[in-house]
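Trainee: how would this look folded up:
(one chain, ligands or ions: 1)
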Amino acid sequence: MKVAIIGAGISGLACAFEFERNGIIPTIFEKKSNPGDTFDLNICMFNTTGKSYRDPLVYLKKQYNIELNPLSHLNKVTLNTPDKQTILVDNFGYIFKRGIEEYSLGSQLASKIKCPITSDTYIHNTKDLSNNFDYIVVATGNNNIAKSLNIWNYELSTRIRIATILGKFETGSLILWFDKRFAKDCYGYMIAHSPKEAILTLIVNNISYSEMEYYFKEFLLFTKLNYKINGITELDFYTGFINTMQIGNTYFIGNSGGLVEDFLGYGVMNSIESGVLAARSIINNKNYNIAIQPLINDVNHFVEFRNKLSDSKNDVYSTEAFISRLPGLKSSYHYCESQETKVPEVQIKQ
Ligand SMILES: Cc1cc2nc3c(=O)[nH]c(=O)nc-3n(C[C@H](O)[C@H](O)[C@H](O)COP(=O)(O)OP(=O)(O)OC[C@H]3O[C@@H](n4cnc5c(N)ncnc54)[C@H](O)[C@@H]3O)c2cc1C
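Mentor: Numbering: from 1, shown residues only. Below is the predicted model of the structure:
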């Protein structure tokens, strides 16, 4: 069986790992010089209750034999909304580093596979490969190939600025800012790499490249953040869905299949899972569209909420309904209730 995987990111590497576990050596094409992560940042993997697991790392090990080491636990979330600050302390999940370091998420996944990666190779469309491969897995992290096949539907178009900042920071902590004045329907957040370095990110929907400077200045002004900025990266990021996750012998996984949830833009778990599920569907000749449906349902779950947020004013962030819809915080509340342990410590500073 000859399999091509386009993209050596999170989903492509997880997919390759599953093929190799089953004795099939895929060919991976990667546009960059190295596999793994595209950006230098920190990301969160929340514990969840909506799914069949609570701890994502225990789940990945048990279900897919994928063992990952996080940068740290995520045990504090500070939620800033226009009128208040809420601090939650609990076991919320994990923080991972993304970047070139050996311990980054992408490098950890890359170290698990043996197949050679054809790097510095940009695949324009699946036709380039269809004569030479039995199966093609699209793992590009973007919607280009789905768009060229007319199967991509937009949900949200965002511009993201990631600033590396220097100062004094608390590790294991995520700080979120929701405020339409500087983030429109999206948000800003800060996570530390170390006690001395953190990333500060602002995500704003439906703005042009040149407008980001204005929104970022407003962000710093309203939040009164005044750190030394050591570097800035910017990118466009889209969420959406595709009409089918498989066309003939072509399979879509990760972001290229629209598997990013539409609220916080989280997609790492779905990327890993969809990579493994696509490999299993190909190996066992099973219907991938059916195998992937639970992940699509999870993503769809947020679409309606995202639409409500977009139609509301800033006071929507003050509602209990809003806090309870935040993926990790919601699961934390529910978990605490169901375990009859104390609810997370909540301090409200008006
Ligand atoms: C700023 C930011 C913060 C995020 N934070 C979180 C978070 O906290 N938690 C979370 O769960 N998710 C988060 N996400 C989402 C998460 O990063 C993605 O869901 C995940 O990386 C998607 O994996 P992927 O394999 O689909 O794509 P990627 O990991 O992006 O990999 C795609 C790979 O394909 C390669 N490639 C692209 N096009 C081609 C081509 N034509 N030919 C060859 N190679 C190609 C790229 O170079 C890359 O290596 C965040 C995303 C961003 C942008």
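Trainee: hey, where'd the strands end up in the stretch 201-350 of the chain?
Mentor: In the stretch 201-350 of the chain, the strands defined using DSSP state E, counting those that start in this stretch lie at 228-242, 246-247, 250-252, 345-349.
Trainee: does the third one come close to the ligand?
Mentor: No: counting by CB under 6 Å from any ligand atom, no contacts exist between strand 250-252 and the ligand, the nearest distance being 9.4 Å. Heads up, the C-betas are built off the backbone N, CA and C, glycines and all.
Trainee: residues touching whichever residue of the stretch 1-150 of the chain sits closest to the ligand, list them.
Mentor: Sorted by distance to the ligand under CB to the nearest ligand atom, the residues of the stretch 1-150 of the chain start with Gly9, at 1.7 Å. If you count contacts by CB atoms under 8 Å, 6 or more residues apart in numbering, Gly9 has them with 35-38, 106, 139-141, 254, 271.
Trainee: Any chance of TSV for the strands of the stretch 201-350 of the chain, columns mean neighbour count, distance to Thr118 and mean pLDDT?
Mentor: Output for the strands of the stretch 201-350 of the chain, formatted as TSV (neighbours: other CB atoms under 10 Å; distance: least, CB to CB, whole Å; pLDDT from 0 to 100):
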stretch	mean neighbour count	distance to Thr118	mean pLDDT
strand 228-242	15	24	94
strand 246-247	18	23	96
strand 250-252	26	18	98
strand 345-349	10	51	38
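Trainee: and Ile95, what are its phi and psi?
Mentor: With angles defined as degrees, to the nearest 10, Ile95 shows backbone torsions of phi -110, psi 130.
Trainee: Quick check, it in contact with Asn42.
Mentor: Yes: here Ile95 lies in contact with Asn42, judged by CB atoms under 8 Å, at a distance of 5.6 Å.
Trainee: Please say which of the two ends up with more neighbours.
Mentor: When Ile95 is set against Asn42 and neighbours are counted by other CB atoms under 10 Å, the residue ahead is Asn42, at 26 against 22.
Trainee: Need the overlap of contacts for Ile95 and Asn42.
Mentor: When contacts are counted by CB under 8 Å, 6+ apart, Ile95 and Asn42 have 71, 191 as shared neighbours.
Trainee: pretty sure Ile160 contacts Leu200?
Mentor: No: in this structure Ile160 lies outside contact range of Leu200 using CB under 8 Å: 11.5 Å.
Trainee: ok now the helix or strand where Arg161 lies, how far from the chain's centre?
Mentor: In this structure, Arg161 is located in strand 152-166 according to DSSP states H and E. Relative to the centre of its chain, strand 152-166 is centred 11 Å away, using CA atoms, centre = their mean, to the nearest Å.
Trainee: start at 53 instead
Mentor: In the new numbering, first residue 53, that becomes strand 204-218.
Trainee: Check which helices and strands it is in contact with.
Mentor: If contacts are counted by 3 or more CB pairs under 8 Å, 6 or more residues apart in numbering; DSSP states H and E, strand 204-218 sits against strand 249-257, helix 264-275, strand 280-294, helix 345-363.
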